[in-house]
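> quick one, fold the following:
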Amino acid sequence: RLEDPTATPRFGPTPARVTPVTPLSRNQLMEETAPTVPYFIGRQAELAAYRARLERDHLVIITGLAGMGKTTLGAKLARSVADNPDNIFWFTFDQVEKSTADALYWALASFLDSRGEPNLWTYLQGEIGAQKPLERMAKLNLLMASLASGDHVLCFDDFQVAAHLPDIAYIFKTIRQRFV
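Sure thing, here's the model as predicted:
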């Protein structure tokens, strides 16, 4: 289009181009992947110790100060023990959207559904249909049954964000009792 050089300049925002919205699948919205670890130097002994503890106890908690490399170590550990990277569930708690039991259930349900375990996902969809929360123990039992049926590596990053919440604490207490 040609502009008239004698026209008065227009002020204000230029109309934006319309970009079509592409809907995301629930997997794109719910699932994270374990971070890749391109460089892992000087921590092989620490990794081996955590791997041995994981094989023995089926649970590892990596703690430490911020910035010490807990996420990197956890990602490297998860990728080294998982038969398939698709079997790694990675969930990063945050202060805004991912700090509730519901967010955790939905993320786990999406992960499990995409791996052939649709029961929890179907149940949660029923909550939406009923427009009210369904039984807490039913959700937890479906989660435990689905987790027991597969060989999954579950990783929870920044757990301290939500560890104090009773529903989150109960889910993790139950997982620990059932699988450790």
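> look up how far residue 156 lies from the residue nearest the centre of the chain.
Nearest to the mean C-alpha position of the chain, counting by Cα atoms, centre = their mean, stands residue 91 at 2.3 Å. Separation of residue 91 from residue 156 (Cβ to Cβ, to the nearest Å): 5 Å. Any C-beta I mention is one placed from the backbone N, CA and C, and that applies to glycine too.
> for residue 145, same thing?
According to Cβ to Cβ, residue 145 and residue 156 sit 20 Å apart.
> same thing with residue 60?
Taking Cβ to Cβ, one finds residue 60 at 11 Å from residue 156.
> same thing with residue 168?
Distance of residue 168 to residue 156, computed by Cβ to Cβ: 9 Å.
> what about residue 138, how many residues nearby?
Number of residues near residue 138 (other Cβ atoms under 10 Å) recorded here: 12.
> quick check: it touching residue 124?
No. With contact defined as Cβ atoms under 8 Å, residue 138 does not reach residue 124; the gap is 10.6 Å.
> find the residues that touch each one of those two.
Common contact partners of residue 138 and residue 124 (Cβ atoms under 8 Å, 6 or more residues apart in numbering): none.
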